[in-house]
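[1] here are the coordinates; sequence isn't available:
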């Protein structure tokens with residue numbers, strides 16, 4: 001009996017010793033998750049660190065930043081050892097998290113490369129009691145200065161509803177630039193010139209923006225430092241025509257019944273006193289808004305390439321029926337029922353007249369779109385687009401490269417229209433602009449092409 005007890009004690013002791021060896025000499029490294037907003041450090045910067053050790057628990061963490069021998073400890077924390085009770089209960093700290101503010105300028109560090117160092121150890125008995133040690137270095141770049149921008153073009157004359165071009169130079173890589181016009185933003189692009197540091201941006205005033213509109217160049221570097229720089233510009237005000245459109249029963253009966261708005265919306269008007277009129281108002285309001293949003297989302301798909309050359313052509317032999325930004329009042333039986341702004345120019349010729357591309361570019365949209373009917377949008381590069389609506393047929397495909405004067409379709413009655421005509425619009429990024437400017441060779445030379453030619457004559461550094 002005594003031998004059995006002794007043997008049992010030996011076995012228990014051996015198992016306990018083996019358990020201690022296996023668990024306390026475990027070799028799993030602590031885990032570390034470091035999240036940096038960017039590899040570039042600006043003045044205001046926070047680093048997120050999550051650490052864990054599920055086996056023997058966390059012992060110590062040290063985080064520092066180093067630049068050319070100058071090292072600053074950002075965080076140092078030691079955890080209490082589990083003690084004897086740790087053999088029998090789970091009292092160890094298994095995980096922790098930190099949000100560390102970093103102000104490199106306070107540490108005597110300058111703009112340039114630096115290194116984050118992170119060390120985390122656990123309570124394993126490995127390494128002569130030092131534990132498993134996780135160590136990592138992450139390279140970062142300290143960048144505390146806003147990007148520099150030099151305006152290269154001098155004259156920037158623009159009118160309400162009109163377009164402009166500005167060309168400027170930046171002095172570092174990975175710069176996001178653009179023009180802020182009121183609350184609108186127009187992206188700047190490299191690619192117009194051999195020097196990739198020279199950016200260009202077409203920008204515009206919408207029909208509501210007048211002489212008090214604030215315009216500036218904005219630039220943001222990879223670290224998030226921003227520059228907002230004003231530049232000389234002159235804004236001319238412009239008045240737009242008021243127009244009255246009388247909605248007749250004949251128009252409603254001819255146009256509205258077949259206009260598709262969806263079964264659910266259609267049912268909403270069945271019990272109205274004048275369902276065709278109510279449906280028309282829904283189309284002229286809600287559907288118009290949806291269609292415009294779709295069109296402007298398509299016009300943002302642009303290439304950094306100047307496809308066009310010279311003035312933009314207009315529908316041959318056509319007469320203007322409605323102007324850009326006409327303030328339309330809609331009346332039914334002498335009573336005002338709605339208002340809208342006409343964001344293009346209506347051109348009438350013969351029925352099913354041939355419609356040609358106003359200038360060279362790439363087709364980015366060729367489909368039916370609500371009130372616009374059969375519609376073609378051509379990207380002319382750098383955010384400049386032309387639009388052709390109410391076509392009876394479309395003869396081009398999306399992504400097709402086309403030349404100025406190439407057939408793209410024929411005029412028609414598709415969409416929300418009372419007669420065969422072409423609705424023509426010019427768009428800069430996400431703003432409808434006055435097409436008359438783009439039909440004028442003198443305006444294009446004075447405001448667009450002369451600027452481009454002058455910058456191209458400047459030798460590269």
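    Thanks, I have the structure now. In this text, all values refer to a predicted model and were calculated from it rather than measured experimentally.
[2] quick one: the residue nearest to the spatial centre of the chain from residue 382, how far?
    Against the mean C-alpha coordinate of the chain, by CA atoms, centre = their mean, the closest residue is residue 187 at 8.7 Å. Shown here: residue 187 relative to residue 382, a distance of 9 Å by CB to CB, to the nearest Å. All C-beta spots, glycine's among them, are computed from the backbone N, C-alpha and C.
[3] who touches both of these two?
    residue 201 (CB atoms under 8 Å, 6 or more residues apart in numbering).
[4] and stretch 111-128, how far out from the chain middle?
    Put simply, stretch 111-128 sits 39 Å off its chain's centre (CA atoms, centre = their mean, to the nearest Å).
[5] same thing with stretch 275-294?
    On the basis of CA atoms, centre = their mean, stretch 275-294 sits 28 Å off its chain's mean C-alpha point.
[6] kindly report the same for stretch 161-177.
    Stretch 161-177 sits 16 Å away from the centroid of its parent chain (CA atoms, centre = their mean).
[7] buried residues, that stretch. List them.
    For stretch 161-177, the neighbour count (16 or more other CB atoms under 10 Å) marks 161, 162, 163, 164, 165, 166, 167, 168, 169, 170, 175, 177 as buried.
[8] can you get me a residue count around residue 433?
    Using other CB atoms under 10 Å, residue 433 is surrounded by 28 other residues.
[9] check contacts around it.
    Contacts of residue 433 were listed using CB under 8 Å, 6+ apart, and they are 161, 162, 163, 204, 324, 426, 427.
[10] the second one touches residue 207, doesn't it?
    No - under the criterion of CB atoms under 8 Å, residue 162 is not in contact with residue 207, lying 9.7 Å apart.
[11] re earlier: what bridges to the residue nearest to the centre of the chain?
    With DSSP bridges applied, residue 187 shows beta-bridge pairing to residue 178.
[12] and it, how far is that from residue 200?
    The gap separating residue 187 from residue 200 is 10 Å, by CB to CB.
[13] could you do residue 456 as well?
    For residue 456, the distance to residue 200 equals 11 Å [CB to CB].
[14] now residue 223. Nearest residue, chain neighbours left out?
    With CB to CB, 6 or more residues apart in numbering as the criterion, residue 223 has its nearest non-adjacent residue at 3.5 Å, and that residue is residue 40.
[15] ditto for residue 95
    Using CB to CB, 6+ apart and skipping residues adjacent in sequence, the residue nearest residue 95 is residue 52, 4.0 Å away.
[16] that neighbour: neighbour count?
    A total of 17 residues lie near residue 52 under the criterion other CB under 10 Å.
[17] and it, what pLDDT?
    Listed pLDDT for residue 52 reads 95.
[18] where's it relative to residue 100, distance?
    Using CB to CB, we find residue 52 at a distance of 17 Å from residue 100.
[19] ditto for residue 62
    Counting by CB to CB - residue 62 and residue 100 are separated by 12 Å.
[20] name the residues contacting each of the two.
    Common contacts of residue 62 and residue 100 (CB under 8 Å, 6+ apart): residue 75.
[21] tell me who's in contact with the residue nearest to residue 223.
    140, 141, 142, 143, 221, 222, 223, 224.
[22] quick check, the fifth one in contact with residue 177.
    Okay, so that is residue 221. No - taking contacts as CB under 8 Å, residue 221 lies outside contact range of residue 177: 9.9 Å.
[23] so where does residue 34 fall, helix or strand?
    For residue 34, the enclosing helix or strand under DSSP states H and E is strand 31-35.
[24] now do the following helix or strand past that strand, average pLDDT.
    Where DSSP H and E defines the elements, the next helix or strand beyond strand 31-35 is strand 40-41. Here strand 40-41 scores 87 as its mean pLDDT.
[25] now do strand 40-41: distance to the chain's middle.
    Its chain's C-alpha centre and that of strand 40-41 lie 22 Å apart, by CA atoms, centre = their mean.
[26] quick revisit: dump the contacts of residue 40 to CSV, plus secondary structure and pLDDT.
    Shown next, in CSV, are those (DSSP: H, G, I helix; E, B strand; the rest coil; pLDDT from 0 to 100):
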residue, secondary structure, pLDDT
140, strand, 92
141, strand, 91
142, strand, 91
143, coil, 90
221, coil, 92
222, coil, 86
223, coil, 87
224, coil, 87
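[27] show me which of those residues are buried.
    If you count burial by 16+ other CB under 10 Å, the buried members of these come out as 140, 142, 143, 221, 222, 223, 224.
[28] in the residues you listed, find the pair that's most separated.
    Pairwise distances across these (CB to CB) peak at 14.1 Å, for the pair 140 and 221.
[29] pLDDT score for residue 55?
    89.
[30] where's residue 139, which helix or strand?
    Using DSSP H and E, residue 139 maps to strand 133-142.
[31] can you list the strands that that strand pairs with?
    Paired strands of strand 133-142, with direction, are strand 40-41 (parallel), strand 112-122 (antiparallel) (DSSP bridges).
[32] will you turn those into JSON lines that also has distance to residue 269?
    Compiled in JSON lines, the strands paired with strand 133-142 are given as follows (distance: least, CB to CB, whole Å):
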{"stretch": "strand 40-41", "distance to residue 269": "56"}
{"stretch": "strand 112-122", "distance to residue 269": "64"}
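[33] out of these, which is closest to residue 437?
    Proximity to residue 437 (CB to CB) singles out strand 40-41 among the strands paired with strand 133-142, at 40.4 Å.
[34] name the nearest residue to residue 330, sequence neighbours excluded.
    Spatial nearest neighbour of residue 330, excluding adjacent residues (CB to CB, 6+ apart): residue 338 at 4.1 Å.
[35] please apply the same query to residue 157.
    Closest to residue 157 by CB to CB, 6+ apart is residue 234, at 4.9 Å.
[36] helices of this protein, start to end?
    Under the criterion DSSP state H, helices of the chain are mapped to 2-24, 249-255, 263-267, 275-282, 288-299, 435-438, 441-444, 450-456.
[37] what is the fourth one packed up against?
    For helix 275-282, the helices and strands in contact under the criterion 3 or more CB pairs under 8 Å, 6 or more residues apart in numbering; DSSP states H and E are helix 249-255, strand 335-342.
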